[in-house]
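# quick check, what structure comes out for this input:
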Amino acid sequence: MTHTFWNALVLTFVPLFVVLDAPGNLPMVVSLSDGMTSKEKVRVINVATVTAGLVGLGFLFFGQFLLHVMGISVGAFAVAGGIILMVLSIKYMTTGHMVDASREDMVAVVPIGTPLLTGPATITTLIFLNTQFPTYIVLLSFALNILIAWAVFIAGDKIIRLMGQGGIKAVSKVFSLLLAAIAVDLIIRGLNLLTILHTGT
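Prediction:
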């Protein structure tokens, strides 16, 4: 029984770790929190991880029901999330900031909490895993991944100090282009799910 539990935990933890991609999202968090104070950044991280957790829990327990009743597809969610990320990346490349520093609550919820952490891929994975494994196993794996994401983002503040503001700004500029690429990918995947495009992805 214990062996089955640990197998199930690993089989649910790994795909969720991949789709949340906390290490890969860290540079995005740096870009999105550019211009904020250390206290504001910690608040953004706290709000973002709580938001991601709540959105994930909502779809874990009610995802299939809500999507069916409201007629909202994961594809449509992906397209909407991609558009938001594209707008933010363009704003950063043209103005040097994605959001006003005084609006940290907004950036914590969108796009860090969702769709960067809990986006279409995470939602789809949660719904799928919930049909293959006991809900409490999926819930535990998701909670562990949210905790890891929080720890990575908190540690990211130390990375900022090590690299210096100049280095972080340079990295942020580069990753603003990557953010645009991710936005395009989200839109394409969403259009694929909506059967508007057929790219084989």
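# and L16, what does it touch?
By C-beta atoms under 8 Å, 6 or more residues apart in numbering, the contact list for L16 reads 122, 125-126, 129, 141-142, 145. C-beta coordinates here come from the backbone N, C-alpha and C atoms, glycine included.
# what number of residues lie near the residue nearest to V44 when sequence neighbours are not counted?
Once flanking residues are discounted, V44 sits nearest to A108: 4.3 Å by C-beta to C-beta, 6 or more residues apart in numbering. A108 has 26 neighbours, counted by other C-beta atoms under 10 Å.
# where are the low-confidence patches of this protein?
Along the chain, the model assigns pLDDT under 70 to residues 1-3, 67, 96-106, 157, 159-160, 163-169, 171-172, 175, 198-201.
# ranges for the strands of it?
Using DSSP state E, no strands are found in the chain.
# re earlier: in helices only, show me the contacts of L16.
122, 125-126, 129, 141-142, 145 (DSSP state H).
# which one of those residues sits closest to A183?
T122 (16.4 Å; C-beta to C-beta).
# V18 is in contact with that closest one, correct?
No: between T122 and V18 there is no contact under C-beta atoms under 8 Å: 9.8 Å.
# tell me which of the two has more neighbours.
Neighbour count, other C-beta under 10 Å: between T122 and V18, T122 has more, with 26 against 13.
# what's the closest non-adjacent residue to the more buried one?
Nearest non-adjacent residue to T122 (C-beta to C-beta, 6+ apart): V19, at 4.8 Å.
# the one you found reaches A121, doesn't it?
Yes: counting by C-beta under 8 Å, A121 is a contact partner of V19 at 4.2 Å.
# on that earlier part again, which residues are in contact with the residue nearest to V44?
Counting by C-beta under 8 Å, 6+ apart, the residues that A108 touches are 43-48, 51.
# need those in CSV (columns: neighbour count and distance to G71).
Shown next, in CSV, are the contacts of A108 (neighbours: other C-beta atoms under 10 Å; distance: C-beta to C-beta, whole Å):
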residue, neighbour count, distance to G71
R43, 16, 35
V44, 23, 33
I45, 22, 34
N46, 14, 33
V47, 18, 29
A48, 30, 28
T51, 19, 24
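# mind checking which of the residues you listed are in helices?
43-48, 51.
# what's the burial count for G53?
Counted with other C-beta under 10 Å, G53 comes out at 20.
# hang on, isn't it packed against N145?
No: if you go by C-beta under 8 Å, G53 and N145 don't touch, sitting 9.5 Å apart.
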